[in-house]
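Trainee: Using only what follows, build the 3D model:
(one chain, ligands or ions: 1)
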Amino acid sequence: MKKAIYPGSFDPFTNGHLDIVERSLRVVDHLTIAVLKNTSKKNLLEPEKRVELIREVFEGNDKISVETFSGLLVDFMKEKNTNTVIRGLRAVSDFDYEHAVFLMNNRLLSEFETIFFMARADNSFISSSIVKEVSSLGGNIADQVPAVVYRHLKKIYGHD
Ligand code: PNS
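Mentor: Numbering: from 1, shown residues only. Now for the predicted structure:
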């Protein structure tokens, strides 16, 4: 069985992430969505809340599990007994960062591999930070995040 990890901040999980998850299940049998617990970064949602929302999105799908992780990604990969991560690429601007991270992870774990999925055109402008900003200012992001995430952001920012 081919397993992989899809790591990220997912603050919050967007339709761009959703598309990457669905497409990655065409090439792997099981995916662990790994939410980074990063104490130094200012996040909107607690990691446990992010996990809860993502679990709701994939409720009933036994090909997907959702967990938090902290520390090095390669250590979490060893724990999960996999050498493969999934990442999405939206634009050339994502490439430099992803390349550097790949090289570092590959240095830390020689069998490390990343499968990159190019974002579909209609998702290529979606990012968690833009979604948060627009939502906080009362803009409608209903078509950019899963319904559970949309409802939660609406509750946080107190508007319809
Ligand atoms: O959604 P993001 O914020 O782009 O995800 C970045 C993430 C979580 C994949 C990356 O920051 C990560 O793997 N962090 C764990 C710490 C680590 O292993 N760092 C070494 C590689 S730079």
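
Trainee: which SS class is residue 93?
Mentor: helix (DSSP: H, G, I helix; E, B strand; the rest coil).

Trainee: And the pLDDT at it?
Mentor: With respect to pLDDT, residue 93 scores 88.

Trainee: Pull out the buried residues from stretch 74-94.
Mentor: Within stretch 74-94, the residues that count as buried by 16 or more other Cβ atoms under 10 Å are 74, 76-77, 80, 82-90, 94. All C-beta spots, glycine's among them, are computed from the backbone N, C-alpha and C.

Trainee: got it, and stretch 62-75?
Mentor: Neighbour-count burial for stretch 62-75 [16+ other Cβ under 10 Å]: 64-67, 69, 73-74.

Trainee: how far does that stretch sit from the chain's center?
Mentor: Relative to its chain's centre, stretch 62-75 lies at 11 Å (Cα atoms, centre = their mean, to the nearest Å).

Trainee: Using PDB, list the CA coordinates for that stretch.
Mentor: Listed next in PDB are the C-alpha coordinates belonging to stretch 62-75 (Å, rounded to 0.1, in the frame of the first residue of the first chain):
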ATOM      1  CA  ASP A  62     -10.900   5.800   5.400                       C
ATOM      2  CA  LYS A  63      -8.100   6.600   2.900                       C
ATOM      3  CA  ILE A  64      -7.500   9.800   4.800                       C
ATOM      4  CA  SER A  65      -6.300  10.500   8.400                       C
ATOM      5  CA  VAL A  66      -5.700  13.900   9.900                       C
ATOM      6  CA  GLU A  67      -3.200  14.500  12.700                       C
ATOM      7  CA  THR A  68      -1.000  17.200  14.100                       C
ATOM      8  CA  PHE A  69       2.800  17.000  14.100                       C
ATOM      9  CA  SER A  70       5.600  19.100  15.600                       C
ATOM     10  CA  GLY A  71       9.300  19.000  15.200                       C
ATOM     11  CA  LEU A  72      10.900  17.900  11.900                       C
ATOM     12  CA  LEU A  73       8.700  16.600   9.100                       C
ATOM     13  CA  VAL A  74      11.300  13.800   8.400                       C
ATOM     14  CA  ASP A  75      10.900  12.500  12.000                       C
END
